[in-house]
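Peer 1: I'll drop the sequence and a predicted model, then ask my questions.
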Amino acid sequence: MTLFRPSSLSLAGAALALGACTVSTSFDPGEIDFEPERPETTTPDDPDPYTGDDEIVLEAQSNFRTGIELHQKVIWRTCTPNGGVCHNSKEFPDLRTPSNFVNAFGANCNVQYGEFESVYDRCERPGDRFRIAGGGLNSGQIEIGWIESIPGDIFEGEGLPPEDSPGFHIHLADPIPGEQTEVYTTGEFERTFINEGKVEDFTFAEYTTLWYVLPGRKHLIGEVREYQVDQVQNLFTVGIIEGDANRNEVFGAREDDPVHLLEPGSPETSYLIARLRGTMLGEEIPGSRMPLANAPFTIPEMLALFCLVEGFPADGTEADLDRGIDYANCSYSEDPAGLGLLGEGVTWSARISKILEFNCGGCHGGANPEAGLTLVGDEVYARLLEPSTQNPELPLITPGVPEESYLYLKLIGDDSITGNPMPYNPLTGEGTLGEAELADVLTWITNGAVENE
Ligand code: HEC
């Protein structure tokens, strides 16, 4: 196999140029009371402040005057404790620096990748193309849907191997022309690069083996013998782009309006915000909600983010983060309470399981959950009816009786609990759920804690 990795060419979706950070400070000691505790930075084009009386807007304005403050206090926080939610989960871009945050404006959401189930169709990228030619077959270039390597012994039987047979699997967008179902030849992987303004196709990887073409002719299995294992490993390392990364036969990148991580002027269609809420324009967004752990967004934080995105210019730079967020002209300032992250209906699947996933999953999830307690996934409901470890006399949830539900007692920080109130916040040592979420958990338990849709 040969790998060709042109170093001077830029791949689509690579980082944008970074804008320089400028803060201009106007300071006249004759007019301004000097307050060493609270240095104020203002820029000449700061918007007029919000002067209404909505408490949420006022709180947002005083805590997050500028985009940079929002980044420091909220975005960075959600990326940091416990090794960093953004960082240790490949689905999310790393937003820990202001320049990465700014670059998320207008960047296609396809830069994210991760578990295939959590890829949103409209964030899929145009796939690389595969070509096979030889032994009487000529496929031409066909877009790759997805690839998979299934380890195991090579197929030795008669006819075609079963669909899940060990080997290197390629799923294509269109069928391979012709009739032939077995051919020993070289498969080529091609990508379009933009090189100094010229669009060029390159073969960036090859694999020579025995290929089987399965019925339907969109699924190929390449044989992997022991001496070929490394070559197949390399095919994965070089990063073949999958056009149908979530494997549902919708090639999202073919839709003509890409979704951006953050859409200047339009929080409702910004992918990162959709991941926070679990929906975009009423459509469910796959994947767990973000941030997964310890730092759920409060309503003032959501308002600040919405108003920042709504007021962010299409050609914005880091300097625009330094400007005041325009709460006065922000359309969301009219009804900020409506920005809660929560759906309707206090049911297990629509609401309660999501509250747990969103607020607790970062610690009570994965291979090594805190206190041995997993609060995400299919098994959670059954576990909740079992005794607590810290207080085996109480189950985590007693349907109908919140005061005998140890999980609820942990949420309200009851005197009887062992350890900390939950959700534990490692930064402050304490933590509470939002009022609305806590109220919903209470309602759900009181109403019998049923595992309803
Ligand atoms: C930052 C990490 C973290 C977060 C977030 C977190 N927990 Fe915990 N949880 C812990 C740790 C550590 C323990 C054990 C020490 C203690 O009790 O404080 C624990 C213990 C528990 C226990 C006791 C387990 C038992 O069987 O007795 C419950 C119940 C619990 N957490 C529920 C929750 C719920 C519900 C949430 C979300 C609303 C949550 N936790 C969020 C870290 C976390």
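Peer 2: Received it, and whenever you're ready, just let me know what you need.
Peer 1: Could you verify my assumption that Pro395 touches Tyr408?
Peer 2: No - with contact defined as Cβ atoms under 8 Å, Pro395 does not count as touching Tyr408 (10.6 Å). Just so you know, the C-beta spots here come from the backbone N, C-alpha and C atoms, and that holds for glycine as well.
Peer 1: what's the pLDDT at Leu11?
Peer 2: pLDDT, Leu11: 34.
Peer 1: circling back: Pro395 and Tyr408: who's more crowded?
Peer 2: Neighbour count, other Cβ atoms under 10 Å: between Pro395 and Tyr408, Tyr408 has more, with 24 against 19.
Peer 1: and that one, what is it in contact with?
Peer 2: By Cβ atoms under 8 Å, 6 or more residues apart in numbering, the contact set of Tyr408 is Ile397, Pro402, Val441, Leu442, Ile445.
Peer 1: need the contact list for the closest residue to the ligand within the chain.
Peer 2: Proximity of the chain to the ligand (Cβ to the nearest ligand atom) peaks at Gly419, 2.3 Å away. Gly419 makes contact with Ala371, Gln390, Lys410, according to Cβ under 8 Å, 6+ apart.
Peer 1: Buried residues in stretch 141-161, which are they?
Peer 2: Ile142, Glu143, Ile144, Gly145, Trp146, Ile147, Ile154, Phe155, Pro161 (16 or more other Cβ atoms under 10 Å).
Peer 1: ok, the residues you listed vs Arg247, which is closest?
Peer 2: Nearest to Arg247, judged by Cβ to Cβ, of those is Trp146 at 5.3 Å.
Peer 1: do you know how far that closest one is from Lys218?
Peer 2: Using Cβ to Cβ, to the nearest Å, we find Trp146 at a distance of 11 Å from Lys218.
Peer 1: Name all residues that sit in contact with those two at the same time.
Peer 2: Joint contacts of Trp146 and Lys218 (Cβ under 8 Å, 6+ apart) are His171.
Peer 1: Helices of the stretch 101-250 of the chain, start to end?
Peer 2: With DSSP state H, counting those that start in this stretch, the ranges of helices along the stretch 101-250 of the chain come out as 229-237.
Peer 1: returning to what we had before: now restrict the contacts of Gly419 to buried residues only.
Peer 2: Lys410.
Peer 1: filter the contacts of Gly419 down to the ones near the ligand?
Peer 2: Contacts with the ligand within the contacts of Gly419, counted by Cβ under 6 Å from any ligand atom: Ala371, Gln390, Lys410.
Peer 1: residues touching the second one, list them.
Peer 2: By that I understand Gln390. Here Gln390 is in contact with Ala371, Tyr406, Ile417, Thr418, Gly419 (criterion: Cβ under 8 Å, 6+ apart).
Peer 1: do that again at 10 Å, thanks
Peer 2: Counting by Cβ atoms under 10 Å, 6 or more residues apart in numbering, Gln390 touches Ala371, Leu373, Leu396, Tyr406, Leu409, Lys410, Ile417, Thr418, Gly419.
Peer 1: Tell me how many other residues surround the second one.
Peer 2: Residue neighbour count, defined by other Cβ under 10 Å, stands at 20 for Leu373.
Peer 1: and the residue lying closest to it once chain neighbours are set aside, what is it in contact with?
Peer 2: Setting aside the residues directly before and after it, Leu373 is nearest to His364 in space (Cβ to Cβ, 6 or more residues apart in numbering), at 5.1 Å. Applying Cβ under 10 Å, 6+ apart, we find His364 in contact with 293, 356-357, 370-376, 380, 422-424.
Peer 1: who's in contact with the nearest residue to Val183 once chain neighbours are set aside?
Peer 2: Residue nearest to Val183 in three dimensions, not counting chain neighbours: Gly135, with 3.8 Å by Cβ to Cβ, 6+ apart. Residues near Gly135 by Cβ under 10 Å, 6+ apart: Gln180, Glu182, Val183, Tyr184, Thr185, Leu210, Trp211.
Peer 1: what's the neighbour count on the fifth one?
Peer 2: When you say that, I think you mean Thr185. Counted with other Cβ under 10 Å, residues neighbouring Thr185 total 17.
Peer 1: Give me the common contacts of Pro395 and Tyr408.
Peer 2: Both Pro395 and Tyr408 are contacted by Val401, under the criterion Cβ under 10 Å, 6+ apart.
Peer 1: how about the contacts of Gly135, which pair is most distant?
Peer 2: The two members of the contacts of Gly135 with the most space between them (Cβ to Cβ) are Gln180 and Leu210, at 12.2 Å.
Peer 1: who's more crowded, these two?
Peer 2: A count of neighbours by other Cβ under 10 Å puts Leu210 above the other of Gln180 and Leu210, at 17 against 13.
Peer 1: for the nearest residue to the more buried one once chain neighbours are set aside, what are its contacts?
Peer 2: Excluding its sequence neighbours, the residue lying closest to Leu210 (Cβ to Cβ, 6+ apart) is Glu223, at 4.3 Å. Neighbour list for Glu223: 154-155, 161, 165-168, 182, 184, 209-212 [criterion: Cβ under 10 Å, 6+ apart].
Peer 1: hmm, 7 Å instead?
Peer 2: Ile154, Gly167, Thr209, Leu210 (Cβ atoms under 7 Å, 6 or more residues apart in numbering).
Peer 1: What residues are bridge-paired with the third one?
Peer 2: This points to Thr209. Thr185 (DSSP bridges).
Peer 1: Tell me how many other residues surround the closest residue to Gly243 other than its chain neighbours.
Peer 2: Closest residue to Gly243 apart from its sequence neighbours, by Cβ to Cβ, 6+ apart: Gly127 at 2.5 Å. The number of residues packed around Gly127, counting by other Cβ under 10 Å, is 25.
Peer 1: Can you give me the distance of Gly127 to Asn108?
Peer 2: For Gly127, the distance to Asn108 - Cβ to Cβ - is 14 Å.
Peer 1: what does the protein have sitting close to the ligand?
Peer 2: So the chain meets the ligand at 293-294, 356, 359-360, 362-364, 370-371, 373, 375, 388-390, 396, 406-407, 410-411, 419-420, 422-424, 426, 433 (Cβ under 6 Å from any ligand atom).
Peer 1: And the contacts of stretch 47-56?
Peer 2: With Cβ under 7 Å, 6+ apart as the test, stretch 47-56 has contacts from 57, 61, 299-300, 303, 324, 326-329, 333, 336-337.
Peer 1: Tell me which two in these are the farthest apart.
Peer 2: Longest span within the contacts of stretch 47-56, Cβ to Cβ: Gly324 and Ala337, 22.6 Å.
Peer 1: Who has more neighbours out of these two?
Peer 2: The neighbour comparison of Gly324 against Ala337 (other Cβ under 10 Å) goes to Gly324, with 22 against 11.
Peer 1: what's that one sitting at in phi/psi?
Peer 2: phi -60, psi 140 (degrees, to the nearest 10).
Peer 1: now it, nearest residue through space, not along the chain?
Peer 2: In space, Gly324 is closest to Asp46, 4.1 Å off (Cβ to Cβ, 6+ apart).
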